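1. Test case, fold it:
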Amino acid sequence: MAQPWKIIDTVETDEGPLQLRQRGKKDFLITIGTQVLMNSMAHLSEVALGHLACDGLLQRADARVLVGGLGMGFTLRAVLDRLSPTARITVAELNPVMIDWCRGPLAEVTDGAALDPRVDIEITDVAEFVRRHADDKGLAKFDAIVFDLYRGPHAKTARKDPLYGSQAIDNAKRALKPGGVFAIWGENYDEGFDKRLQSAGFSVSTPRPGRGGLRHVVFLARLK
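-> Numbering: from 1, shown residues only. I've put the predicted structure just below:
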């Protein structure tokens, strides 16, 4: 018989209670309202996202990566595992409690990813953060920009969407170094988003990690 979920922490948000739940040593769940956002026992696509985005960066001592969305920290852990000890990673996260959870109860399941000295976490909107780095020539550009947000691109995403619309894609392009990678987690494949990436000058592949059943998609867009 499965153990019942124990509520570890609750924070009220505009979308309902944001909760961290646990049953067993490494079995965690994050929910918002009635929606399950993340499960620590199912993170294959998040790991694939981080690995695919940063493949080839291990030899770059000065690699810089932006991760949009902290979540449980699995994508961040995967990014860290593909980078050198001197690389720098910035995480843009909207909710401060996610940092507390990742540095506290969730730290063990990601080998302390959010505590890694290579990581800076900023409480900010990632779309605005990318725009600033695109527009300000004095700010550093990134080798990879990784979006792991609980609402990925989908068929109803508008062309003016602040995260996945045409302007947002152009901002990401201008915030990247030559040959840089824009990698995005998606619950399902979205043809419109794929086409917008290609129209912006990216070469795009859309691997689906795992085998059989429901498999999430990674939009892997590389500057030509």
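2. Tally up the residues packed near K195, please.
-> K195 has 11 neighbours, counted by other CB atoms under 10 Å. Heads up, the C-betas are built off the backbone N, CA and C, glycines and all.
3. The chain should start at 8 in everything you say after this.
-> Will do, 8 is the new start, and the previous item becomes K202.
4. Can you check the pLDDT for it?
-> On pLDDT, K202 comes in at 95.
5. got the contact list for F189?
-> For F189, the residues meeting the contact criterion (CB atoms under 8 Å, 6 or more residues apart in numbering) are 151-152, 154, 176, 179-180, 183, 204, 209, 226, 228-230.
6. Neighbouring strands of the lowest-mean-pLDDT helix or strand in the chain in the sheet, and parallel or not?
-> Within the chain, judged by mean pLDDT, DSSP states H and E, the helix or strand with the poorest mean is strand 42-46; its value is a mean of 91. Applying DSSP bridges, strand 42-46 is found paired with strand 35-39 (antiparallel).
7. contact partners of the partner strand?
-> In contact with strand 35-39 (CB under 8 Å, 6+ apart) are residues 12, 15, 20, 22-30, 43-47, 78-79, 108, 112-113, 116, 157.
8. I'd like to know which of those are buried.
-> The neighbour-count criterion (16 or more other CB atoms under 10 Å) marks 15, 25-29, 45, 47, 78-79, 108, 113, 116 among those as buried.
9. Done for today, thanks.
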